[in-house]
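Participant: test case, fold it:
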Amino acid sequence: MLTASRAPIPVVVQQHQEESASLRATRESLVRAPHVRLHHLRRLDDRIAAHLDGLAVAGEFGSGLCEAALESPGIGEVFAATVRAIEDRNAPSLARLLGLAEAEPGAETGLLSAFGWVSAASLRGITKELLGSRSAFQRCVGLAACSMHQVDAGPALDAALRDADPGLRGRALRVAGEQGRLDLLPVCVQALSDVNGEADDACRYQAARSALLLGDRAASVECLQVLASSPGPRRLDAIRLLLKVATPTQAHAVLKQLANDAGNVRLLIAGVGVAGDVHYVPWLIQQMAKPLLARLAGESFSTLTGLDLAFLDLELKPPEGVEAGPNDDPSDDDVAMDEDDSLPWPDPVKIAAWWQANGPKFRPGVRCFMGEPPTMAHCLAVLRNGFQRQRIAAALYLRLLQSGRPLFNTAAPAWRQQRLLASAGA
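Facilitator: As a prediction, the model looks like this:
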């Protein structure tokens, strides 16, 4: 641990604590943002690391400020305090944070992200103790830490897959797929029979996702078809996974079913982008003329063709009179964030002209992802240069192409991602 050579300056250390928490909260949305590339994430991560270093240099004073900030335990506050507890090997503080995260669901994200942020060496002994805990929640944290650092959880994962606690079992099912444990494919397929209640529905989705990532194209696809056909918290995720492996005929059936209900239009637009069949591009361009659907349609077009609409000047200024997301009216109860925030407004006239000139280069009936069929080399290129949502899709395609490899973590610290890409020759 770094030690201070002189007394810390309180106002400076306070700034390190506040900025590390604030920036980490910002990162929560940026890792899934449609306009952020890996080098943008690296700049943010370097700033977070600098503030965390400042807290480390301040020693006990810095750790104390992090613990005091837990009176309002947001994602960033829990993240900074957990990083300090892990790197200080402060077992009592870490125990308190584990208890807080278990009691406050909103704090769990901050705690888990800290386990993913620190180096694997910092977790030696800590993860082993968590995996052996009697607490199902602590075992979940241990499994998540192993997955984020691409370390095989071994027998602890096998035991968690048989546990009665649905939260632990769901985490174990997820980790089995993310770690590429091909030997656990039969267990994941068997778990698809979980049918009792919402908790088991969550386990069933994780089982289907992991079975698919581990190479199954039968039972997992059937389960995803069920999840994709009816409302639920995992419906969009199920549609996106299903369409990544569907044949053109299967994809058309999924999209046709969505099209039967006008209330599914956003799901349909997103699905068209994943299906990657240029047959649907003219319809997508038509949706770009509708203000409430334009940006999502533009994103699906970009996912299919690989075009950066902003860079190529294929965008418009935001139309007047369109309100999206929360506003300044205190009497308005709608505080939901705009789902299409940071997406460009596509220019349907320019895009139609571009498509007329370039559309013949694309082959109908062939899945197109970012301008090409998804291959290992192409997906690695997207992981290197694409936007975060595109990179998330590329990581999934890589796993679907090669079932036994760990899932690339697009939310990991940027320098770790860059190191992994360099080792892969990307």
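Participant: what residues of stretch 66-75 count as buried?
Facilitator: For stretch 66-75, a neighbour-count test (16 or more other C-beta atoms under 10 Å) marks 66, 67, 69, 70, 73, 74, 75 as buried. Every C-beta, even on glycine, is put in place using the N, C-alpha and C of the backbone.
Participant: in TSV: the residues you listed, plus secondary structure.
Facilitator: Listed next are the buried residues of stretch 66-75 as TSV, based on DSSP: H, G, I helix; E, B strand; the rest coil:
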residue	secondary structure
66	helix
67	helix
69	helix
70	helix
73	coil
74	coil
75	helix
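Participant: let me know the closest of these to residue 313.
Facilitator: Nearest to residue 313, judged by C-beta to C-beta, of the buried residues of stretch 66-75 is residue 75 at 36.5 Å.
Participant: mind giving me the domain split of the protein?
Facilitator: Domains of the chain are assigned by automatic domain parsing as 1-118, 151-245.
Participant: closest to residue 379 out of those domains?
Facilitator: domain 151-245 (11.3 Å).
Participant: ends of that closest one, what's the gap?
Facilitator: Terminal residues of domain 151-245 are spaced 27 Å apart (C-alpha to C-alpha, to the nearest Å).
Participant: any chance of the domains of the chain in CSV with mean pLDDT and distance to residue 375 as columns?
Facilitator: As requested, those are exported to CSV (pLDDT from 0 to 100; distance: least, C-beta to C-beta, whole Å):
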stretch, mean pLDDT, distance to residue 375
domain 1-118, 93, 20
domain 151-245, 91, 14
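Participant: nearest to residue 295, of these?
Facilitator: Closest among the domains of the chain, using C-beta to C-beta: domain 1-118, at 8.8 Å.
Participant: what's the separation between residue 313 and residue 115?
Facilitator: Distance from residue 313 to residue 115, counting by C-beta to C-beta, to the nearest Å: 43 Å.
Participant: ignore the last one, residue 173
Facilitator: Taking C-beta to C-beta, one finds residue 173 at 19 Å from residue 115.
Participant: ok, the two, which is more surrounded?
Facilitator: A count of neighbours by other C-beta atoms under 10 Å puts residue 173 above the other of residue 173 and residue 115, at 29 against 24.
Participant: counting contacts, what elements does the strand or helix carrying the more buried one pack onto?
Facilitator: Assessed by DSSP states H and E, residue 173 sits inside helix 166-178. With contacts taken as 3 or more C-beta pairs under 8 Å, 6 or more residues apart in numbering; DSSP states H and E, helix 166-178 sits against helix 136-148, helix 155-161, helix 185-190, helix 197-213.
Participant: switch to 6 Å and redo it
Facilitator: Judged by 3 or more C-beta pairs under 6 Å, 6 or more residues apart in numbering; DSSP states H and E, the packing partners of helix 166-178 are helix 136-148, helix 155-161, helix 197-213.
Participant: rebuild the ones you listed as CSV, extending it with distance to residue 362 and mean neighbour count.
Facilitator: CSV is the format used below for these (distance: least, C-beta to C-beta, whole Å; neighbours: other C-beta atoms under 10 Å):
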stretch, distance to residue 362, mean neighbour count
helix 136-148, 36, 23
helix 155-161, 42, 18
helix 197-213, 26, 22
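Participant: quick revisit: so which of the domains of the chain is nearest residue 423?
Facilitator: Nearest of the domains of the chain (C-beta to C-beta): domain 1-118, 15.0 Å.
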